[in-house]
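Q: structural data only, the sequence is not supplied:
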């Protein structure tokens, strides 16, 4: 049975359990079990190559001891062991000095939960995992990667607002154009399930890792932070799947909850690659961590302020943002002025509407910028849909080949190196250049249409509905801001 078939049969078993309510809980239940199975498989590998390896997990809590035997404990005994021994033990796992593995395991189980009520159904699920998943087999490891991406898509379909699965083609394009060097620190401060970081790992290994010492440099260069428990657990699992033995630099926290000025020079990064949550609002008080002129509750804007601050001088970034950032006013105008003053916003790639379908129809862009020198000109590249394709979807997903012309245009034509130095760019039907002066004259409105294409009116119902929904969000955002202003004014009068 293939891994994808195994996962489907596991989900069918979980649907019979009264404690599991909906896809999000099924995924949460599945992932902590997979984490322990994958970790046990990896420990077998580490034990084979290191005679001194000692597991941070007490023997009686290791997967091989309580789960691997299909005739092992079941029913109420299994349920009681998981709820009263396994979870409390992993959530309070003591870490000896320098034992980062114990810290990683403890952090991923801090907010994990056993939703299943039937110990007999739990045993059935465990047996399916045990017989159907062997991470030490190269063939299954490859297939597991594909299945893992399907789990991520299912997570978005489960209704996690503001979180979109970034298509693999987009992450690969962003990483390739940013070209992270071996020793450069790479961070995603809103890493979700770790897609940008795993793509960076693969890129560095392909181009720069030649020795065991190179691999150590790579492992120390990857940094991520994720606010929500389930995506953090998925990200940590994802790192282990991609050979990061101790993913202690994938932190479970809200990056925005920390005062901006507290990020010191030693914490600055060479590269930031991210698709921050957009369309959402942070909880009250988070905005007070930022300077007065950049305070807002809109998540994406706060992250953009953070990204600029976190970059080293000479550092570079690739960030996915919605059209609303480009044409937004008020705080957004001040933020864009700050961006163009502190950084060289050298390229904006405008993506087709359907890139993030079915999660959202909002138009999105990739902003590429470098910190340390102000912007002189901004190059725009409008990525068209492939010939004969009206929209990307599940059966016709976006592929890296759809970026081929933009990658060739990027700098060196057919002789373009991996570094993509952006030399000899020319205007064409998809590309145009706008000066800083023109942007200032537009009051920092970056929503500049392709001058080589006439005004296009969309009659697609999905696009019109998405545009209407975006307008409603903007109106609601303005209402929320007005409420805050009025509330503050009224409190001042009291």
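A: Done, it's in. Worth saying up front: this structure is predicted, and the values here are computed from it rather than measured. Residues are numbered from 1 along each chain as shown.
Q: list the contacts of stretch 186-196.
A: The set of residues that contact stretch 186-196 without belonging to it, under CB atoms under 8 Å, 6 or more residues apart in numbering, is 152, 155, 163, 165-166, 168, 171, 174-175, 180, 197, 200, 221-227, 231, 234-236, 238-239, 250, 255, 269-277, 303, 306-307, 310. Every residue, glycine included, has its C-beta placed from N, CA and C.
Q: quick check: mean pLDDT across it?
A: Averaging the model's pLDDT scores along stretch 186-196 yields 92.
Q: try stretch 291-310
A: Stretch 291-310 shows a mean pLDDT of 90.
Q: pull out the buried residues from that stretch.
A: By neighbour count with 16 or more other CB atoms under 10 Å, stretch 291-310 contains the buried residues 294, 296-310.
Q: just the ones of the contacts of stretch 186-196 in helices?
A: Counted as lying in helices by DSSP state H, out of these, are 152, 155, 168, 171, 174-175, 197, 200, 231, 234-236, 238-239, 303, 306-307, 310.
Q: how close does the closest residue to residue 297 other than its chain neighbours get to residue 303?
A: Once its chain neighbours are removed from consideration, residue 297 has its nearest residue in residue 281; the separation is 4.5 Å (CB to CB, 6 or more residues apart in numbering). Counting by CB to CB, to the nearest Å, the separation of residue 281 from residue 303 is 13 Å.
Q: tell me the phi and psi of residue 15?
A: Dihedral angles phi and psi of residue 15 (degrees, to the nearest 10) take the values phi -60, psi -20.
Q: list the contacts of the residue nearest to residue 297.
A: Residue 281 sits in contact with 297, 298, 299, 477, 480, where contact means CB under 8 Å, 6+ apart.
Q: low-confidence ranges in the stretch 101-250 of the chain?
A: For the stretch 101-250 of the chain, applying pLDDT under 70 flags the ranges 135-150, 152-164.
Q: can you show me the strands along it?
A: Remark: strands assigned in the stretch 101-250 of the chain by DSSP state E, counting those that start in this stretch are 186-188, 222-226, 250-252.
Q: how about those in a markdown table, adding distance to residue 315 and mean neighbour count?
A: Compiled in a markdown table, those are given as follows (distance: least, CB to CB, whole Å; neighbours: other CB atoms under 10 Å):
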| stretch | distance to residue 315 | mean neighbour count |
| --- | --- | --- |
| strand 186-188 | 10 | 26 |
| strand 222-226 | 13 | 23 |
| strand 250-252 | 20 | 21 |
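Q: closest to residue 404 out of those strands?
A: Between residue 404 and those, the shortest gap by CB to CB is with strand 186-188, which sits at 24.4 Å.
Q: relative to that closest one, what are the paired strands and their orientations?
A: Each strand that strand 186-188 pairs with, and the sense of that pairing, follows from DSSP bridges: strand 222-226 (parallel), strand 269-274 (parallel).
Q: the last one - what's its average pLDDT?
A: Strand 269-274 carries an average pLDDT of 96.
Q: what's the neighbour count on residue 370?
A: A count of neighbours around residue 370, defined by other CB atoms under 10 Å, yields 17.
Q: OK, contacts around residue 28?
A: Contacts here follow CB under 8 Å, 6+ apart; on that basis residue 28 touches 112, 113, 115, 230, 233.
Q: would you check how far apart the third one and residue 241 are?
A: So that's residue 115. 23 Å.
Q: how about the fourth one?
A: For residue 230, the distance to residue 241 (CB to CB) stands at 16 Å.
Q: swap in the first one?
A: When CB to CB is the yardstick, residue 112 and residue 241 sit 18 Å from each other.
Q: same deal with the second one?
A: As judged by CB to CB, residue 113 and residue 241 stand 22 Å apart.
Q: between those two, who's got more neighbours?
A: Higher neighbour count among residue 113 and residue 241: residue 241, with 18 against 15, using other CB under 10 Å.
Q: the more buried one contacts residue 39, doesn't it?
A: No - contact between residue 241 and residue 39 fails when scored by CB atoms under 8 Å: they sit 10.6 Å apart.
Q: does the nearest residue to residue 431 once chain neighbours are set aside count as helix, strand or coil?
A: What sits nearest to residue 431 in space, not counting adjacent residues and going by CB to CB, 6+ apart, is residue 381, at 4.9 Å. Residue 381 carries the three-state label strand when classified by DSSP: H, G, I helix; E, B strand; the rest coil.
Q: and residue 381, how far is that from residue 451?
A: As defined by CB to CB, residue 381 lies at a distance of 13 Å from residue 451.
Q: give me the more crowded residue out of the two.
A: For residue 381 versus residue 451, neighbours defined as other CB under 10 Å are more numerous around residue 381 (22 against 10).
Q: distance check, that one against residue 362.
A: Residue 381 sits at a distance of 19 Å from residue 362 (criterion: CB to CB).
Q: low-confidence ranges in the stretch 301-450 of the chain?
A: Where the stretch 301-450 of the chain drops to pLDDT under 70, the residues are 358-360, 412-420.
Q: quick one, helices of it?
A: In the stretch 301-450 of the chain, the helices defined using DSSP state H, counting those that start in this stretch lie at 323-327, 331-342, 404-409, 436-441.
Q: now for the second one, which elements pack on it?
A: Packing contacts for helix 331-342, counted by 3 or more CB pairs under 8 Å, 6 or more residues apart in numbering; DSSP states H and E, involve helix 299-310, helix 323-327.
Q: which residues touch that helix?
A: Taking contacts as CB under 8 Å, 6+ apart, the residues outside helix 331-342 that touch it are 293-296, 301, 304-305, 308, 324-325, 345, 369, 371-372, 374-375, 436, 439, 443-444, 446.
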